[in-house]
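# what would the 3D arrangement of this be:
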Amino acid sequence: MLTKIYGSAVFGIEATTITVEVNIDKGIGYHLVGLPDNAVRESSYRISAALSNNGYKLPGKKITINMAPADLRKEGASYDLTLAMGILAASGQICSAPFDEYLIMGELSLDGSLQPIKGALPIAIKAKEEGFQHFILPKENAKEAAIVEGLNVLGAESILEVIAHFSGEQEITPTVVNIQTEFYKNIDFPEFDFADVKGQESIKRCMEIAAAGGHNIILIGPPGAGKTMLAKRLPSILPPMTLQEALETTKIHSVVGKTENNGLLYERPFRSPHHTISDVALVGGGQYPQPGEISLAHNGVLFLDELPEFKRTVLEVMRQPLEDREVTISRAKFTVTYPSSFMLVASMNPSPSGFFQDSNNPLASSPQEMQRYLSKISGPLLDRIDIHIEVTPVPFEKLSDERKGESSVDIRKRVSLAREIQSLRFKKFGNIHYNAQMNVKQIREYCQLSNDGKQLIKNAMEKLNLSARAYDRILKVSRTIADLEGSIDILPNHISEAIQYRSLDREGWFL
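You can find the predicted model right below:
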């Protein structure tokens, strides 16, 4: 008897429907074809034990299973439930059901319970697109898949619940998620708040500008000056994610099985990899490509602490994703593209000792030592960072001040207003939402300068020997500063402030 049942495979962050054909005939043997990997081939042992422990059995006949399309590699144990239900239906142990309306996925334990799978959200989106009415999967993934409206998501804890559902004994209760409630929950109660930061008003101003325009920023200062503390609070002043951004971000995290609370990600991600990370782990890849840290930080913040301690090869592979906001990984038989539109926040000490040049400090480094240390970061990478800012230690008077600083919620209001201005400006462009995403054409259109402004930036370029990319970055930051002030035009004071944030372009800035 031949039975068809449906599952799904995830490549990149998109899913492809897999048709599982199960045929049981005279003879003996278990034949699984359709380019399965080792985990899929081993499914026969898990299925056999799970069925045996729940009062069913693997038929002692010739079982042939084809997973179509046959030229697409099938990976992981998430096909266990799909294969098991196909075998039960083909052998007549359960009644024939309208399997063409169902997409079924789940990993089986030997006792028949279901283990969570990866990629539940992209699979659910594809199931909805292809007209499936029901999606059966492990209960732990049900909340994540239920984000997709118009699809009946059925979360089961064991194979017995699935069998009972198809036999009509006890239907599985659909999982329903109120997206609006989940999305806006805890949005105004950040874990890290700028109100906790003492002093550092100029740095807070830089962080506000960076957040308002989505600009990359690097903080340079001695140990204990507050670089990491400030960086961790940056997500708290970023505008709340739109529902579309939340879905995009959740899809990426779903593929690697890192969704929080198994539902929609409503907070912008903050990723802080250790400096021993490999280039593959940072940008993504592997024999069967997976998203890297830069994709997991999509629509959020990637924080690289102690930037010179990262291997140079690791940092250099970020060049193209920083420009294109996506990373393409190619293999012999296929290519996958992962989105990577993130804010880069980096921090570093000014020298090996950690201190600026200071004749009164015995630990201070010489100018030569500082220059050698800073040269570990390549010029092309620094060119792609819009804002360079020095962080100096906070004096005792400010540290001991009991008054709280401005809260993240108040700063976020100004940032959100600036982002709204940018959204209206770029509404005719589908892939541009804030100033940092502008290309050369948009910079020329939206960052026009007065004669005084042109002369100011000309003098800065000649004196600081700035590159063409640095020129564009200054214009983008100037546009953001003007947006924060509600100014239609970019004024000379906006340009001068933006030039001030290019510290590392100035020779001898640390003297």
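
# run a quick neighbour tally on residue 33.
Number of residues near residue 33 (other Cβ atoms under 10 Å) recorded here: 12. All C-beta spots, glycine's among them, are computed from the backbone N, C-alpha and C.

# how about it, nearest residue that isn't a chain neighbour?
residue 66 (5.3 Å; Cβ to Cβ, 6 or more residues apart in numbering).

# which ones are touching the one you found?
With contact set as Cβ atoms under 8 Å, 6 or more residues apart in numbering, residue 66 has these partners: 20-21, 23, 33-34.

# same question for residue 73.
By Cβ under 8 Å, 6+ apart, the residues touching residue 73 are 9, 35, 37, 288.

# again, but for residue 13
With contact taken as Cβ under 8 Å, 6+ apart, residue 13 is in contact with 122, 251-252, 255, 291, 338-339.

# any idea how far residue 177 is from the nearest residue to residue 348 once chain neighbours are set aside?
The shortest distance from residue 348 to any non-neighbouring residue, by Cβ to Cβ, 6+ apart, is to residue 307 (4.4 Å). As judged by Cβ to Cβ, to the nearest Å, residue 307 and residue 177 stand 40 Å apart.

# residue 52 now?
Residue 52 sits 36 Å away from residue 177, going by Cβ to Cβ.

# neighbour count: those two, which is higher?
residue 177 (19 against 13).

# on the three-state scheme, that one is what?
coil (DSSP: H, G, I helix; E, B strand; the rest coil).

# just give the closest residue to it, not the sequence neighbours.
What sits nearest to residue 177 in space, not counting adjacent residues and going by Cβ to Cβ, 6+ apart, is residue 146, at 4.2 Å.

# quick one on the thing from earlier: what is the residue nearest to residue 33 paired to in the beta sheet?
residue 21, residue 33 (DSSP bridges).

# per-residue confidence at it?
As predicted, residue 66 sits at a pLDDT of 96.

# again with residue 348
So, for residue 348, pLDDT stands at 89.

# surely residue 442 meets residue 433?
No. Using Cβ atoms under 8 Å, residue 442 is not in contact with residue 433, being 11.8 Å away.

# quick one: the helices in the stretch 201-350 of the chain?
Secondary structure of the stretch 201-350 of the chain (DSSP state H, counting those that start in this stretch): helices located at 201-213, 227-233, 243-255, 279-283, 293-296, 312-316, 319-324.

# kindly export the shortest one (C-alpha atoms) in PDB.
Extracted in PDB, the C-alpha atoms of helix 293-296 (Å, rounded to 0.1, in the frame of the first residue of the first chain):
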ATOM      1  CA  GLU A 293      26.700  35.800  14.700                       C
ATOM      2  CA  ILE A 294      26.300  38.700  12.200                       C
ATOM      3  CA  SER A 295      23.000  37.200  11.000                       C
ATOM      4  CA  LEU A 296      21.800  36.400  14.600                       C
END
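
# report the mean per-residue pLDDT for it.
pLDDT averaged over helix 293-296 gives 95.

# how close does the residue nearest to residue 177 sit to residue 154?
As judged by Cβ to Cβ, residue 146 and residue 154 stand 10 Å apart.

# more neighbours: which of these two?
More crowded of residue 146 and residue 154, by other Cβ under 10 Å: residue 146, with 27 against 23.

# returning to what we had before: pLDDT check: weakest of the contacts of residue 73?
Ranked by pLDDT, the contacts of residue 73 bottom out at residue 288, which has 78.

# residues contacting residue 141?
116-117, 120, 155, 262.

# give me the below-cutoff pLDDT ranges for the stretch 401-511 of the chain.
For the stretch 401-511 of the chain, the stretches flagged by pLDDT under 70 are 505-511.

# now the strands for it?
Per DSSP state E, counting those that start in this stretch, the stretch 401-511 of the chain carries no strands over any range.

# which other residues reach stretch 272-279?
For stretch 272-279, the external contacting residues (Cβ under 8 Å, 6+ apart) are 281-282, 293, 302-306, 309-311, 313-314, 317.

# next, count neighbours for residue 168.
So residue 168, with other Cβ under 10 Å, has 9 neighbours.

# and it, how far is that from residue 95?
Taking Cβ to Cβ, one finds residue 168 at 8 Å from residue 95.

# one more: residue 443?
Distance from residue 443 to residue 95, by Cβ to Cβ: 65 Å.

# ok, now residue 121?
From residue 121 to residue 95 the distance is 31 Å (Cβ to Cβ).

# re earlier: now render the contacts of residue 141 as TSV, adding distance to residue 130 and secondary structure.
Below are the contacts of residue 141 laid out as TSV (distance: Cβ to Cβ, whole Å; DSSP: H, G, I helix; E, B strand; the rest coil):
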residue	distance to residue 130	secondary structure
116	23	coil
117	18	coil
120	16	helix
155	20	strand
262	23	helix
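
# most surrounded residue in those residues?
Counting neighbours by other Cβ under 10 Å, residue 120 leads the contacts of residue 141 with 35 neighbours.

# more neighbours: residue 121 and residue 95, which one.
Ranked by neighbour count (other Cβ under 10 Å), residue 121 and residue 95 place residue 121 first, with 27 against 10.

# and that one, its phi and psi?
The phi/psi pair for residue 121 (degrees, to the nearest 10) reads phi -70, psi -50.

# hang on, it packs against residue 148?
Yes. Counting by Cβ under 8 Å, residue 121 does reach residue 148; the two are 7.3 Å apart.

# got a list of what residue 94 touches?
Taking Cβ under 8 Å, 6+ apart, one finds 85, 88, 163, 166-167 in contact with residue 94.

# so which of those residues wins on neighbours?
Result: residue 85 is most packed of these (other Cβ under 10 Å), 27 neighbours.

# you'd agree it is up against residue 104?
Yes. Proximity of residue 85 to residue 104 meets the contact threshold set by Cβ under 8 Å, at 5.8 Å.

# about what we covered before: okay, the contacts of residue 141 in TSV with pLDDT and distance to residue 479 next?
As requested, the contacts of residue 141 are exported to TSV (pLDDT from 0 to 100; distance: Cβ to Cβ, whole Å):
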residue	pLDDT	distance to residue 479
116	93	45
117	94	44
120	93	40
155	95	47
262	54	40
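
# picking that back up, out of the helices of the stretch 201-350 of the chain, which is closest to residue 349?
helix 227-233 (8.8 Å; Cβ to Cβ).

# thinking again about what came up before, residues shared between the contacts of residue 85 and residue 104?
Here residue 85 and residue 104 share the contacting residues 5, 162, scored by Cβ under 8 Å, 6+ apart.

# hang on, the earlier thing: as a markdown table, the helices of the stretch 201-350 of the chain with distance to residue 366 would be great.
Below are the helices of the stretch 201-350 of the chain laid out as a markdown table (distance: least, Cβ to Cβ, whole Å):
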| stretch | distance to residue 366 |
| --- | --- |
| helix 201-213 | 26 |
| helix 227-233 | 22 |
| helix 243-255 | 45 |
| helix 279-283 | 32 |
| helix 293-296 | 35 |
| helix 312-316 | 23 |
| helix 319-324 | 31 |
